[in-house]
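In: Give the three-dimensional model of this entry:
(2 chains)
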Number of protein chains: 2
Amino acid sequence: MKNTYFTPGPAELYPTVAKHLQTAMDEQIGSISHRSQRFRDIYKFADEQLRTLLNIPATHGIFFTGSASEVWERLLLNCVEHESFHLVNGSFSQKFYDYAQSLRKFAHKLEKPFGEGFDAAEIEVPEYAELICLTHNETSSGVQMRPAEMHKLKRKYPQKLFCVDMVSSAPYPDLDYSLIDSAYFSVQKAFGLPAGLGIWIANQACLEKAERLQRYDATTIGAHNTLPMLWKHYKTYETPATPNVLFIYLLGKVVEDYNAIGIQTVRRHIDEKARLLYKFLETSDEFAPFVKNERHRSQTVVVANTKKPSNEVIAGARQAGMIIGSGYGKLKDSQIRIANFPAVSVEQVSALLAQLSR
Amino acid sequence: MKNTYFTPGPAELYPTVAKHLQTAMDEQIGSISHRSQRFRDIYKFADEQLRTLLNIPATHGIFFTGSASEVWERLLLNCVEHESFHLVNGSFSQKFYDYAQSLRKFAHKLEKPFGEGFDAAEIEVPEYAELICLTHNETSSGVQMRPAEMHKLKRKYPQKLFCVDMVSSAPYPDLDYSLIDSAYFSVQKAFGLPAGLGIWIANQACLEKAERLQRYDATTIGAHNTLPMLWKHYKTYETPATPNVLFIYLLGKVVEDYNAIGIQTVRRHIDEKARLLYKFLETSDEFAPFVKNERHRSQTVVVANTKKPSNEVIAGARQAGMIIGSGYGKLKDSQIRIANFPAVSVEQVSALLAQLSR
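Out: Numbering: from 1, shown residues only, chains lettered A, B, ... in the order given. Prediction:
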């Protein structure tokens, strides 16, 4: 009997993954050259499917890395000469900020307590900040920043580069890529694939910045997966180094499945399940939503305070074949995290809520 | 009917991979948390199996990256303050050198023409070079540097850090890790796995260097997969970011299969097939070994000059269900490359040679 994973990544595999993996094995995708037409077709297919799903315009390229964490480093190296600005309200936005410091950038941050979110009106971007780092969905705290607020902020600071971490929410947020210069995610969250592939979306403005920095003698944009190298190879749907060909194939196929359902329906299903989850938490005696402000509640990673020690709740669900996440870091023992990704159905969420009600 | 891949990576999958992949899917390895005991057991198992296979002592840690190319960057950032030294005799050793320049290191190189190899006696290491970058097997040209020569060189320069690229030869070279500070490979070559995972072996001396550099205000050792962060998490068999859990699982299982055969036997099988291949090339009217000096001929990537245009040879083999590689770069049209990895048997190599004799 298989478990159902409600964990916020790695997570439940999307139901079609096993079938696509079998096809990939039959077609020996794991052995084909990354310099072959077969691979270029696979890259092109994933690219086209993602463009359709996320409404990504031709101004933006789509690139593959080893993980989304790698993209943090690439963005800072390629798009920041001196200063970056980070909205920090959880462990992952904090890590991005830490990366900037490790790279000896002058990193500014605006910080909110764990569980609270940001709106555009309250944000002043420092004058010399070159890259504004937003997190759509804080996986650690279950807080979101609404796309409309991100777009508003960019309109206020049109000269600055804006990047959006949508690691644990893509394809949910409907970003306007005429306002968002770069966004990134990994595949083991809402795309329901095994971990091991990061997706980096970046536009010409990011590329131009990287090319400019590359010309300065004293600056390095890094050596591996630099944006100019990624883009150069992308023109023929190739990658600078050998990529994870198998997972790129699987991503293209799963995104094709999402497109067959339609992005509006995929998002509506997430909304529907999120309503069930939050309604349960609000009416339960045993649980309460951690994020107080409804506007800032994540649809894809639902965090709840538990009355009982969370490990009892988690163990009970596990016995029923349902795996839920613990709270993050210090909140490990008093919170649970429930991922609401496309791989779990309304019926599975209902079954989980029935279990949690016991 | 499936093809047999004699390409130098991505390559033929090892025959047990499909079975292990099925077990992984049955056990939902693609969904488990990278912070769970189940994952720590998987990491520990892969670590133990690799230690046994490659005779890696406790002084060295074993870490996972997205690719071996990523390791080039990590080594340069973590182990070089100012100067590196590169033995360059092909496209991949050249790329490592290029990475050093992109990272604004002062990179020295000793260069040989494509198809020629290095011996210790002819090498003078520049006085201030901190890291000596050796390539055991140049995938582009089919040239090897013998481990004994590498060891000899380190004995001559014991104060310097030595790293060995064994991307397309591990587990073939029998390295003495009391002399080699770091080595790395990727799994889509002689381990017969799909691409998407790099393995980085590094010792305490590398770690100490990274920790020292990290304390300097003006230096960065990077932010993602830094050696101190990798090592810190390694102590509990975890990784700083979400790794490719599935492929780490598969690697552990395939290495277990290699250990069941025994490393001596694995290496002897490679030797046996290499003898067949080179004997064929030396006695053929249509082909000739590219590497003239026998001492420098690779056992794992065999490169041949072709009399006919190589695309005719490749097309003929393809019709018979055998995929061989073209020459690298400028030699694309006049050479073929044949990988001699554990995934292909003596019988399969014999069948290929029968096809090439037609």
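
In: and the stretch 51-200 of chain A, which residues reach chain B?
Out: Neighbours of chain B within the stretch 51-200 of chain A, by CB under 8 Å from any CB of the partner chain: A:65-70, A:72-73, A:76, A:98-100, A:102-104, A:186, A:188, A:193-197. To be clear about C-beta, it is placed using only N, CA and C from the backbone, and glycine gets the same treatment.

In: Tell me which of these fall in strands.
Out: A:65, A:186 (DSSP state E).

In: Enumerate every residue touching the residue in the stretch 201-350 of chain A that chain B sits nearest to.
Out: Chain B sits closest to A:N244 of the stretch 201-350 of chain A, with a gap of 3.1 Å, by CB to the nearest CB. A:N244 makes contact with A:64, A:66, A:196-197, B:66, B:194-196, B:244, according to CB atoms under 8 Å, 6 or more residues apart in numbering or on different chains.

In: which one of the residues you listed sits closest to B:E286?
Out: Minimum distance to B:E286 across the contacts of A:N244 is 31.4 Å, recorded for B:A195 (CB to CB).

In: Nearest to the middle of chain A, which residue? Look it up for me.
Out: Nearest residue to the geometric centre of chain A (CA atoms, centre = their mean): A:V167, 1.1 Å.

In: In terms of helices and strands, where is it?
Out: If you go by DSSP states H and E, A:V167 is not part of any helix or strand.

In: Could you pull up the residues touching it?
Out: For A:V167, the contacting residues are A:9, A:68, A:92, A:137, A:139, A:184-186, A:189, by CB under 8 Å, 6+ apart.

In: Export those residues as CSV, with columns for neighbour count and pLDDT.
Out: CSV is the format used below for the contacts of A:V167 (neighbours: other CB atoms under 10 Å in any protein chain shown; pLDDT from 0 to 100):
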residue, neighbour count, pLDDT
A:G9, 28, 89
A:A68, 28, 98
A:F92, 22, 96
A:N137, 29, 97
A:T139, 26, 93
A:Y184, 25, 98
A:F185, 27, 98
A:S186, 28, 97
A:K189, 28, 98
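
In: Measure how buried the residue nearest to A:Y14 when sequence neighbours are not counted is and give me the count.
Out: Distances taken as CB to CB, 6 or more residues apart in numbering or on different chains put A:G192 closest to A:Y14, at 2.9 Å, once the chain neighbours are dropped. Residues lying near A:G192 (other CB atoms under 10 Å in any protein chain shown) number 27.

In: Same question for A:P113.
Out: By other CB under 10 Å, 8 other residues sit near A:P113.

In: ditto for A:E127
Out: A:E127 is flanked by 6 other residues according to other CB under 10 Å.

In: can you check A:T265 too?
Out: Quick note: A:T265 (other CB under 10 Å) scores 12 neighbours.

In: and the gap between it and A:P289?
Out: Remark: distance between A:T265 and A:P289 (CB to CB, to the nearest Å) = 26 Å.

In: Beta-bridge partners for A:G325, please?
Out: Beta-bridge partners for A:G325, by DSSP bridges, are A:R337.

In: just checking, it touches A:N340?
Out: No: in this structure A:G325 lies outside contact range of A:N340 using CB atoms under 8 Å: 11.7 Å.

In: Leaving out sequence neighbours, find the closest residue to the residue of the stretch 51-200 of chain A found nearest chain B.
Out: Going by CB to the nearest CB, chain B is nearest to A:G66 of the stretch 51-200 of chain A, at 2.0 Å. Nearest residue to A:G66, sequence neighbours excluded (CB to CB, 6+ apart): B:G66, at 2.0 Å.

In: what's the neighbour count on the one you found?
Out: 32.

In: Show the low-confidence segments of chain A, by residue range.
Out: Counting by pLDDT under 70, chain A contains no low-confidence range.

In: next helix or strand past the top helix by length along it?
Out: Taking DSSP state H as the criterion, chain A has its longest helix at helix A:263-283. Using DSSP H and E, the helix or strand that follows helix A:263-283 in sequence is strand A:287-289.

In: Give the pairing partners of the very next helix or strand once past that following strand; include direction for each.
Out: Next in sequence after strand A:287-289, counting helices and strands by DSSP H and E, comes strand A:301-306. With DSSP bridges as the test, strand A:301-306 is paired with strand A:287-289 (antiparallel), strand A:335-339 (antiparallel).

In: Now do strand A:301-306 against helix A:263-283: the angle between them, please.
Out: Here strand A:301-306 runs at an angle of 10 degrees relative to helix A:263-283 (axes from the mean of the first three to the mean of the last three CA atoms, to 10 degrees).

In: Show me what whichever strand or helix holds A:F162 pairs with in its sheet, parallel or antiparallel.
Out: Using DSSP H and E, A:F162 sits in strand A:161-165. Paired neighbours of strand A:161-165 in the sheet (DSSP bridges): strand A:131-135 (parallel), strand A:182-186 (parallel).
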